[in-house]
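Colleague: build me a model from this:
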Amino acid sequence: MFSRLHTESINVGYGDRLIVKDLSVRIPDRSVTTIVGPNGCGKSTLLKAMTRIVKPQSGAIVLDGKSITSENTKQLARKLAILPQTPEAASGLTVGELVSYGRHPHQQGFGRLTKRDIEVIDQALRATGTIELKSRPVDALSGGQRQRAWIAMALAQETDMIFLDEPTTYLDMAHQLEVLELLRRLNEEERRTIIMVLHDLNQAARYSDYMIAMKDGTVVKAGRPADIMQRSVLRHVFRVDADIGADPRTGAPMVITYNLLKGETEHDEKTMDPAVRAVAVH
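Modeller: Model (predicted):
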């Protein structure tokens with residue numbers, strides 16, 4: 001597995017509260033990687049650490065052989081872009097103006113748009129199916145349209161890596177698939193490395209090449225979707241007893257049904273099947 005980005009035993013927290021603990025993980029290049037796990041397990045914090053929004057208390061995050069803490073801000077912004085969980089645009093801002101912000105890392109002087117900037121902006125709008133929305137205010141768009149406009153801004157940044165924190169939140173089923181299929185296409189056609197956080201396991205398994213399952217600030221297991229979508233892994237990570245099958249349309253592993261585990265505590269895991277406990281080590 002070729003990887004340009006990895007973490008080395010990072011600890012990340014806020015004040016005295018440690019969220020991510022001694023975490024080491026490698027992100028496959030030119031693949032779609034999805035981070036999954038229960039609420040509060042550190043998924044978003046890991047994403048923020050890998051994009052230098054928050055600084056690890058210890059450990060290192062390495063991109064192209066260099067710690068990102070030593071990277072020039074503008075240079076780093078030419079390598080990776082992040083779409084936060086609930087992005088907000090100024091009232092009245094048009095789609096075209098929003099997407100133009102993605103060109104900031106490439107601009108000099110007074111930041112006027114060059115011919116090249118305009119070409120890249122229009123290319124990003126076409127790739128996301130938002131070219132016809134260029135003159136419309138962002139706050140007048142539907143949820144799916146708005147999310148595609150934000151992705152267009154990330155594309156206009158011309159980075160090899162795009163990070164997205166729960167890009168399908170608040171979207172209906174059709175718009176969720178629209179966004180995920182767009183990201184898959186960007187990976188396949190433009191070879192962009194996509195790293196995202198999702199809550200829906202079936203969507204994660206369907207659209208990802210690689211998955212990272214987290215619990216309590218640590219990585220429980222990382223690998224192909226088939227490696228993560230295992231009954232023992234889901235028991236350990238989510239405390240559910242799940243039946244796993246194959247998606248009849250894609251062949252991807254999927255949760256068919258599940259129940260909460262009842263009457264079992266973390267202490268009880270010591271008496272469980274070794275296959276269940278083994279997922280804590282990778």
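
Colleague: pLDDT weak spots in the stretch 1-150 of the chain?
Modeller: 109-111 (pLDDT under 70).

Colleague: mind redoing it with 80?
Modeller: Where the stretch 1-150 of the chain drops to pLDDT under 80, the residues are 86, 90, 108-111.

Colleague: which stretches in it count as helices?
Modeller: Taking DSSP state H, counting those that start in this stretch, the helices of the stretch 1-150 of the chain run over residues 43-50, 73-77, 95-100, 115-127, 143-156.

Colleague: mind listing the strands for the stretch 1-150 of the chain?
Modeller: 5-14, 17-27, 32-36, 58-63, 66-67, 80-83 (DSSP state E, counting those that start in this stretch).

Colleague: looking at those, spot the one closest to Ala213.
Modeller: Closest approach to Ala213 among the strands of the stretch 1-150 of the chain is made by strand 32-36 (5.5 Å; C-beta to C-beta). The way it works is simple: take the backbone N, C-alpha and C, and place the C-beta from them, glycine included.

Colleague: what pairs with that closest one, and is each one parallel or antiparallel?
Modeller: According to DSSP bridges, strand 32-36 forms sheet pairs with strand 193-197 (parallel), strand 210-215 (parallel).

Colleague: now it: how far from the chain's centre is it?
Modeller: 6 Å (C-alpha atoms, centre = their mean, to the nearest Å).

Colleague: repeat for stretch 209-228
Modeller: With C-alpha atoms, centre = their mean, you get 13 Å for stretch 209-228.

Colleague: which other residues reach that stretch?
Modeller: With C-beta atoms under 8 Å, 6 or more residues apart in numbering as the test, stretch 209-228 has contacts from 18-28, 31-38, 41-43, 45-46, 204-206, 208, 233, 236-237, 252-253, 279-280, 282.

Colleague: leaving aside the residues adjacent along the chain, what's closest to Phe238?
Modeller: Distance criterion C-beta to C-beta, 6 or more residues apart in numbering; nearest residue to Phe238, sequence neighbours excluded, is Pro38 at 5.9 Å.

Colleague: quick one, what contacts that neighbour?
Modeller: Shown in contact with Pro38 (C-beta under 8 Å, 6+ apart): Lys215, Val237, Phe238, Arg239.

Colleague: so which of the helices of the stretch 1-150 of the chain is nearest Phe2?
Modeller: Nearest to Phe2, of all those, is helix 43-50, at 17.0 Å by C-beta to C-beta.

Colleague: please enumerate residues in contact with that closest one?
Modeller: Under C-beta under 8 Å, 6+ apart, the answer for helix 43-50 is 5, 7, 10, 12, 19-20, 23, 25, 27, 35-37, 54-56, 61, 68, 82, 85, 163, 165-166, 195, 197, 214, 217.

Colleague: now stretch 160-175
Modeller: With contact meaning C-beta under 8 Å, 6+ apart, stretch 160-175 is reached by 4-5, 44, 47, 50-51, 79-86, 142-144, 147, 151, 154-155, 176, 179-180, 183, 186, 191-200, 203.

Colleague: now it: buried residues?
Modeller: Asp160, Met161, Ile162, Phe163, Leu164, Asp165, Glu166, Pro167, Thr168, Leu171, His175 (16 or more other C-beta atoms under 10 Å).

Colleague: just the ones in helices from the residues you listed, please.
Modeller: Mapping the buried residues of stretch 160-175 onto helices (DSSP state H) picks out His175.

Colleague: rewinding a little: just the buried residues of the contacts of stretch 160-175.
Modeller: Among these, those classed as buried by neighbour count (16+ other C-beta under 10 Å) are 4-5, 44, 47, 50-51, 79-84, 144, 147, 151, 154-155, 176, 179-180, 183, 186, 192-198, 200, 203.

Colleague: would you check that Leu133 makes contact with Gly144?
Modeller: No - at 11.2 Å, Leu133 does not count as touching Gly144 under the criterion of C-beta atoms under 8 Å.
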